[in-house]
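Visitor: Quick one, what's the 3D model for this:
(2 chains)
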Amino acid sequence: MTAVLAPLEELPTTTTALVRATLHAQQGLLERSTARLLSATLSDSVWMVRKASLQLHFFIARSAEQVLFFFARRALPEVRPLSVQLAVTVEAAPQPTPTVISEATQRLSAPPIHLLTVPSCLVAQPSAQDFAQHAPPGTTAEDGILFRMGTDQRSYLGIRHPARGLSAQLCYHQEGQPATMLRGFPVAPFLDLAQSIRGALLEPDDASQALPIQLPHDPGALSDVHVSLFWLIEGFRLMEAGLMESSHAQASPFQQLAVRYEPSVYQAELALRLNQQGFFVSDPAVDAVSLGLRVCVLRERGSLLVRLTLLPPDFLVQGLLRDSFLQALKQSTPLLIRKQLGFLDDDAWSAFLDSAQDRAVIFRVERTRSADVNVVILSTASSRTEGSSRQIIVRCLAQVDAQASPPSVKLSDVALRYDSAQGTSQTLDDETARYFVRLASAFQIWLRVLNQSNE
Amino acid sequence: MPQDTALQTQILMLRTELDRLYDSAALPSGSSFRKKYEEVAALWDKLRSQIDKSNRGDIADFFDAIGSGVIGAQKRLDLASQDYVLSALRKQAAGAEDGSTATEAVTPNASMFRIPRVTAELKCSIETSRDKKLNLVFYSDRSDVKELHQQTISLEVVAVPVPPDYLNQLRARAASSGTEAPPSDAQPQQKSDAEDQEPGEAEDPPSQSPRPQIFSLSDSAAGQPLALSDELSDEPSSDSLTEAEDAGDDDDDDGFAAPAQPSRQKEAYQKTHIDPASDSQVSHLIPVIDGAGRSMLSQTLLAARERDEVLTLILQLCEEEDQQKRDGQPDKSSNLRAVRNFLIPAWNRVLLFASGPNLRFLLLGTTDKRPRLFLWQLQVQPQSLQLLYKLPKQKAAQKQLRRIQRFVEELGQQQDITVLRSEE
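Guide: This is a model prediction of the structure:
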């Protein structure tokens, strides 16, 4: 499978090319500026490159006959889940002291420190006691996963065998009350989970949640995820090495104006599909888990840090695309559904959507050839004026043009899946329930893949 | 008829080779066909790579272009700023002459303008070539934009103040290495007093340039080659003039063969010491000369009546030259061209010295159009006018000596005014 990653091996070449181009531009600017200093009557400044940035969006997959890296001649939907968005910035930095330079040179070759951050609603390293307390009996780290939910984080949802889909075992436990084994998929815990994920995505990464991990040393144990990480980190390291080399070889005429550059931003967001062993799956027919991975490489106090953050895929909690979805929902919801909900009046429907806008969550549960199947959770907070809170779950087909500005969304087949006004003892529809267990399975597999050498 | 482009030539070669391949295709198993086939294939590959290359550019080229653009734009801004400041100053000067309030005409914050920051962003596709370059692929049509991934490259360039001593070091290094500063886009003739009062420039140390240093500006200038001399031969040889003119044409000539320095005149000139520290001191120099330097200058500076006599003599010389031309005689006094062009039009700015009863020196500094400095020697009997020195046409030298030029110019004006008043 390593051959699949061949395009990623070119990444260090790309990043070092950015460094070289930046240094070359800086040298040229200094030369021209200095010439102007000598020739112009009034000149007390020179021009320098403050920063150079590169934002790359590329696929890391290949079909049987063609490698797709920086560009694809044909739209290949099957490789969409295997893509990377990388932001790189090289920026001028203050000159360090010689001691710091010496230390930095020594540390260049030191192995990186990997820190994994998971959404705060996910218990990254649950103990056996945690599982015993909050998960179905017999759950272990091998077969189960534990979510911590609610604003006070005192509710737990334990899932055993999430890979089994709707046959997974569920346990819901609110502290102070006995744990309950769930039959079916009652709506309340999953609405709680959705809001907890939303909160986790909107919050900045909590460093205290960071979990130190190590990549396997045995090449045979490397999965595609590990190899991808290796090349991403290598892209950063070679940039640093190039910059360090240039600072040593600074041309003497401009020694006094020498500027040190360093990578200030190096962040990649990977959308990947994995099998159970952590290898990429590009074939949509093959069962696989999708998850986002944010990789941020930086040097902190001389150490190379790689911050990894797991992200739920296709989970919209803010942004223009989500706004377009809600706008489309305002216009495309059939009157029949609005009648069921009690919002026949346009203004009432708009008012409800407006009040639900802040907490609205949209996620894609399936993708067809022509459209995406999306679920929208609309949730209003309880207030004195509008009474108790209300949650609505809507399922719809969406045709999305994300390239348009603002993104364009066309909805069809809008269907009501849940309305809290009809009673709270309802269960999730299978499609939505399947999404949640698949997400739990994805988290479990990714945690296992990334954390396997710690086990 | 326009010549073929490289691409057309390439295609023409390919066509020719294809014809030959066609001819040899009668025997496809033959070695000549295989050979020709490989040649055609190689040509085709070359053509394809050439066409591909035309749609690509190195990312370093893009960055370079941004840098060049910024510097070029700033140079143009420099010129525009100079025009702006000059126009404001002219208005100020005109206002002052009219008796109006100068501040009404001048922009209070008249200043040079600088581009502080430039950010360039390019949307393109990127490929990594075999030579480890990052190449940009430019979209050739709208459909490419949809098919290719749009990558974004951006570059931010900022203006950074130069360390205070760096500029001086740079100029000293350039001077000591004998390299000429790159040609400036700035127009020296547009320089104003206000521009030259730039603090950084005012504090510039005296140049270490090996170029001719005609005027001694300090007591330590004993070795300087000039020039105002009683001992100067009353009839300077034609060689000395030739050498002087040559010196004006030779950038690197530091051995301007002026006559040995006369002690008395040199001393007299050194008393009119110019502190190059600031142009603002120029106006204070005039009273100094009027005071401490009066006794010496009064011996040599010509009075108004004598100035008129000198002018009459010069005009006579010009008239004689004109007459000779009309008579068809060969032109032997081409050095009068500078007299006609500069000396006579700027007569009220000429500094006139007498050196004995038969010798006059005429020193003219002008900043019209471009800075110029001339020194003539006029012999009364027999009449002759020789150009002893003119400032070489070097922008760097002109810049360095601009203060002296202005000083001489003002000194000349002052003399003209002073003698006129004394006559009154």
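Visitor: Kindly provide the distance from the residue lying closest to B:Leu391 once chain neighbours are set aside to chain A.
Guide: Nearest residue to B:Leu391 in three dimensions, chain neighbours excluded: B:Leu373, at 4.0 Å (CB to CB, 6 or more residues apart in numbering or on different chains). (C-beta placed from N, C-alpha, C; glycine too.) Distance check for B:Leu373 against chain A: by CB to the nearest CB, to the nearest Å, it reads 18 Å.
Visitor: My understanding was that A:Gly342 contacts A:Leu416; is that so?
Guide: No - using CB atoms under 8 Å, A:Gly342 makes no contact with A:Leu416, being 11.7 Å away.
Visitor: Name the residue in those two with the higher neighbour count.
Guide: When neighbours are counted by other CB atoms under 10 Å in any protein chain shown, A:Gly342 and A:Leu416 differ, and A:Leu416 comes out ahead with 17 against 13.
Visitor: Could you pull up the residues touching that one?
Guide: Contact partners of A:Leu416, counting by CB atoms under 8 Å, 6 or more residues apart in numbering or on different chains, are A:337, A:340-341, A:392-394.
Visitor: same deal with A:Ile377?
Guide: Residues near A:Ile377 by CB under 8 Å, 6+ apart: A:191, A:194, A:360-362, A:391-393.
Visitor: Pipe those into JSON lines and attach pLDDT, distance to chain B and secondary structure per row.
Guide: Rendered in JSON lines, the data for the contacts of A:Ile377 read as follows (pLDDT from 0 to 100; distance: CB to the nearest CB, whole Å; DSSP: H, G, I helix; E, B strand; the rest coil):
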{"residue": "A:Leu191", "pLDDT": "91", "distance to chain B": "37", "secondary structure": "helix"}
{"residue": "A:Ala194", "pLDDT": "92", "distance to chain B": "32", "secondary structure": "helix"}
{"residue": "A:Ala360", "pLDDT": "93", "distance to chain B": "29", "secondary structure": "coil"}
{"residue": "A:Val361", "pLDDT": "93", "distance to chain B": "29", "secondary structure": "strand"}
{"residue": "A:Ile362", "pLDDT": "93", "distance to chain B": "25", "secondary structure": "strand"}
{"residue": "A:Gln391", "pLDDT": "91", "distance to chain B": "39", "secondary structure": "strand"}
{"residue": "A:Ile392", "pLDDT": "93", "distance to chain B": "36", "secondary structure": "strand"}
{"residue": "A:Ile393", "pLDDT": "94", "distance to chain B": "34", "secondary structure": "strand"}
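Visitor: just for the stretch 301-424 of chain B, where's the confidence low?
Guide: Across the stretch 301-424 of chain B, residues meeting the criterion (pLDDT under 70) sit at B:301-304, B:329-335, B:394-403, B:405, B:414-424.
Visitor: Strands of that one, residue ranges please.
Guide: In the stretch 301-424 of chain B, strands defined by DSSP state E, counting those that start in this stretch lie at B:351-355, B:359-366, B:372-379, B:384-390, listed in chain order.
Visitor: for the shortest one, which positions count as buried?
Guide: In this case it means strand B:351-355. B:351-355 (16 or more other CB atoms under 10 Å in any protein chain shown).
Visitor: any idea how far A:Asp152 is from the residue of the stretch 251-400 of chain A found nearest chain B?
Guide: Here the stretch 251-400 of chain A gets closest to chain B at one residue, A:Gln256, 5.3 Å apart by CB to the nearest CB. Between A:Gln256 and A:Asp152 the distance is 59 Å, computed by CB to CB, to the nearest Å.
Visitor: Separate out the buried members of the contacts of A:Leu416.
Guide: A residue is treated as buried here by neighbour count (16+ other CB under 10 Å); on that basis the buried members of those are A:337, A:341, A:392-394.
Visitor: And chain A, split by domain according to the record?
Guide: In the domain annotation for chain A, the residue ranges read A:2-111+A:214-270, A:128-202+A:438-454, A:316-424 (automatic domain parsing).
Visitor: Tell me where the stretch 51-200 of chain A has strands.
Guide: With DSSP E, counting those that start in this stretch as the criterion, the stretch 51-200 of chain A has strands spanning A:61-62, A:67-68, A:83-93, A:113-117, A:144-149, A:155-160, A:169-174, A:180-182.
Visitor: any idea how far A:Gly342 is from A:Thr424?
Guide: As defined by CB to CB, A:Thr424 lies at a distance of 17 Å from A:Gly342.
Visitor: what's the answer for A:Cys171, then?
Guide: 35 Å.
Visitor: Get me the contact residues on the stretch 301-450 of chain A for chain B.
Guide: Proximity of the stretch 301-450 of chain A to chain B is assessed by CB under 8 Å from any CB of the partner chain, with A:Gln403 identified as the residues in range.
Visitor: number of nearby residues for the residue in the stretch 301-450 of chain A positioned nearest to chain B?
Guide: Closest to chain B within the stretch 301-450 of chain A is A:Gln403: 7.5 Å, counting by CB to the nearest CB. For A:Gln403, the neighbour count with other CB under 10 Å is 10.
Visitor: that older thread, what's the least confident stretch among the domains of chain A?
Guide: For the domains of chain A, the stretch scoring lowest in mean pLDDT is domain A:2-111+A:214-270; its value is a mean of 74.
Visitor: can you list the domain ranges for chain B.
Guide: Here the domain assignment for chain B is B:6-54, B:57-158, B:218-423, based on automatic domain parsing.
Visitor: ok, B:Val160 touching A:Trp47?
Guide: Yes - between B:Val160 and A:Trp47 there is a contact under CB under 8 Å: 7.3 Å.
Visitor: So the two - more neighbours on which side?
Guide: When neighbours are counted by other CB under 10 Å, A:Trp47 comes out ahead of the other of B:Val160 and A:Trp47, with 26 against 15.
Visitor: Test my guess that the more buried one contacts A:Leu29.
Guide: Yes - under the criterion of CB under 8 Å, A:Trp47 lies in contact with A:Leu29, with a separation of 4.8 Å.
Visitor: Overlap in contacts, these two.
Guide: In the contact map built from CB under 8 Å, 6+ apart, the residues linked to both A:Trp47 and A:Leu29 are B:67, B:70-71, B:157.
Visitor: which of the residues you listed come close to chain A?
Guide: For chain A, the contacts drawn from these by CB under 8 Å from any CB are B:67, B:70-71, B:157.
Visitor: quick one: which of these sit in helices?
Guide: The subset of those located in helices under the criterion DSSP state H comprises B:67, B:70-71.
Visitor: Tell me which strands the strand or helix carrying A:Arg50 pairs with, and in which orientation.
Guide: Following DSSP states H and E, the helix or strand that holds A:Arg50 is strand A:45-59. The pairing partners recorded for strand A:45-59 under DSSP bridges are strand A:83-93 (antiparallel), strand B:151-161 (antiparallel).
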